[in-house]
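1. Starting from these lines, generate the structure:
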Amino acid sequence: MRILNLAGRRLAASIPTVILILIGIFLLLQFAPGDTVDAMMAQMGGGDAATARELRHFYGLDLSIPARLADYLWRLVRFDLGFSSIYGKPVATVIVERLPVTLLLMGASLSLAFFAGLVLGVVAARSVNKWPDTLISTLGLIFYATPSFWLGLMIIVVFSIYLQWLPPGGFEDITVVRSGIWRTLDIAQHLVLPTLTLGFIFLAIYLRIMRASMLEVLNLDFVRTARAKGLDETRVISRHVLRNALLPMVTLIGLQAGTMLGGSVVVESVFSLPGLGRLAYESVIQRDLNTLLGIVFISALLVIAVNFLVDLLYARLDPRITSGV
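-> Numbers count the residues shown, from 1 in each chain. All right, here's what the predicted structure looks like:
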């Protein structure tokens, strides 16, 4: 019960943050040149002033900035995200269609980064200042310093163009109708390269955090006591060290959720994935304010949900939280 109360308080404290983020994004977008109607008229090759006035009235762009902000917040209270000028349908419908792609990409990339970083961090800490530690740390630094767009392009060149092992982009093969397990395998094949691109950058962070955490815990008194009792090293690592060394890793999951959503914009654009990241890029180009604010709102809710789950997991790993210490 204490865990749920703690997570509930943090969840309630996040609501004002979401509102402030939406207000800040709304006001910042007002300084951008042009609006939705300007982008639409440019795509249509121009138009008369009467048509522009009708479109601005339809999208509420003829109102003052405070009136538009108040109208948007009131619609948000009623769970109305507005109408998308790009796709000609409600923003909620557009986001629901794109959300599964981003969730799959984030879930696969986060799993790769977390578990690979965990294993590599443990190996590096067990062989500190030896060649495995040097090799792993160097590779981690290379992955962290490499821009995601360049890494994605190079992965496409190697694995799609040169070796021709994997498709260069897209979510699935649209030329063949598949269902069941075959469609699942086709989607998984298309997600391999984007997952590697997004996951490698965060893998470098996780392995460095895990290495540092392992080295810190290995020097604590309770670990020396466990070794003095005659426990073998594998049991000491698995039962005593890992539980405590995982705490910084778990905390980092919540902190990196928002960063990973931001990274998906670049990765989805490089690999032509129809997710929220690419939708956000298209919304900025087309000045589709409703769609962009809807993406920000849903992204904020996703980050809050991830942090909520992280709080629960952290409380399970750290007994001091549930004991009130």
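2. Which residue ranges of the stretch 201-325 of the chain form helices?
-> 221-228, 233-236, 242-270, 276-286, 289-317, 319-323 (DSSP state H, counting those that start in this stretch).
3. got JSON lines for those helices, with distance to Val128, mean neighbour count and mean pLDDT too?
-> For every residue, glycine as well, the C-beta is placed using N, CA and C. Below are these laid out as JSON lines (distance: least, C-beta to C-beta, whole Å; neighbours: other C-beta atoms under 10 Å; pLDDT from 0 to 100):
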{"stretch": "helix 221-228", "distance to Val128": "15", "mean neighbour count": "13", "mean pLDDT": "69"}
{"stretch": "helix 233-236", "distance to Val128": "14", "mean neighbour count": "12", "mean pLDDT": "68"}
{"stretch": "helix 242-270", "distance to Val128": "14", "mean neighbour count": "19", "mean pLDDT": "76"}
{"stretch": "helix 276-286", "distance to Val128": "38", "mean neighbour count": "21", "mean pLDDT": "82"}
{"stretch": "helix 289-317", "distance to Val128": "24", "mean neighbour count": "20", "mean pLDDT": "75"}
{"stretch": "helix 319-323", "distance to Val128": "28", "mean neighbour count": "11", "mean pLDDT": "45"}
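4. could I get the ones you listed as a markdown table with distance to Leu120?
-> Listed next are these as a markdown table, based on distance: least, C-beta to C-beta, whole Å:
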| stretch | distance to Leu120 |
| --- | --- |
| helix 221-228 | 21 |
| helix 233-236 | 18 |
| helix 242-270 | 12 |
| helix 276-286 | 27 |
| helix 289-317 | 20 |
| helix 319-323 | 28 |
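5. so which of the ones you listed gets nearest Leu81?
-> helix 289-317 (4.1 Å; C-beta to C-beta).
6. Which strands and helices lie in contact with that closest one?
-> With contacts defined as 3 or more C-beta pairs under 8 Å, 6 or more residues apart in numbering; DSSP states H and E, the packing partners of helix 289-317 are helix 2-29, helix 65-77, helix 91-126, helix 242-270, helix 276-286, helix 319-323.
7. That helix versus helix 276-286: what angle between them?
-> 150 degrees (axes from the mean of the first three to the mean of the last three C-alpha atoms, to 10 degrees).
8. mind checking how far helix 289-317 is from the chain centre?
-> 10 Å (C-alpha atoms, centre = their mean, to the nearest Å).
9. again, but for stretch 275-288
-> In terms of C-alpha atoms, centre = their mean, the centre of stretch 275-288 is set 16 Å apart from its chain centre.
10. and the nearest residue to Ser160 once chain neighbours are set aside, what element?
-> Computed as C-beta to C-beta, 6 or more residues apart in numbering, the closest residue to Ser160 that is not its neighbour in sequence is Pro168, at 3.8 Å. For Pro168, there is no helix or strand it lies in under DSSP states H and E.
11. Could you pull up phi and psi at Pro168?
-> phi -80, psi -10 (degrees, to the nearest 10).
12. CA atoms of stretch 243-258 as CSV?
-> Output of stretch 243-258 as CSV, limited to C-alpha atoms (Å, rounded to 0.1, in the frame of the first residue of the first chain):
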residue,chain,number,x,y,z
ARG,A,243,20.0,-6.2,-6.7
ASN,A,244,21.7,-3.1,-5.4
ALA,A,245,23.6,-2.3,-8.6
LEU,A,246,20.3,-2.3,-10.6
LEU,A,247,18.8,0.6,-8.7
PRO,A,248,20.6,3.3,-10.8
MET,A,249,19.7,1.4,-14.0
VAL,A,250,16.0,1.3,-13.1
THR,A,251,16.0,5.0,-12.3
LEU,A,252,17.6,5.7,-15.6
ILE,A,253,14.7,4.0,-17.5
GLY,A,254,12.3,6.7,-16.4
LEU,A,255,14.8,9.5,-17.1
GLN,A,256,15.5,8.2,-20.6
ALA,A,257,11.9,7.6,-21.7
GLY,A,258,11.5,11.2,-22.9
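13. and that stretch, how far out from the chain's middle?
-> In this view, stretch 243-258 has its centroid 14 Å away from the chain centroid, taken as C-alpha atoms, centre = their mean.
14. Make 13 the starting number, not 1.
-> Let's use 13 as the start, then, which means that last one is stretch 255-270.
15. Could you check how many residues crowd around the residue nearest to Ser172?
-> Neighbours of Pro180 under the rule other C-beta atoms under 10 Å: 18.
16. Do I have it right that it meets Ile173?
-> Yes. At 7.1 Å, Pro180 counts as touching Ile173 under the criterion of C-beta atoms under 8 Å.
17. Look at Leu165 and give its secondary structure.
-> helix (DSSP: H, G, I helix; E, B strand; the rest coil).
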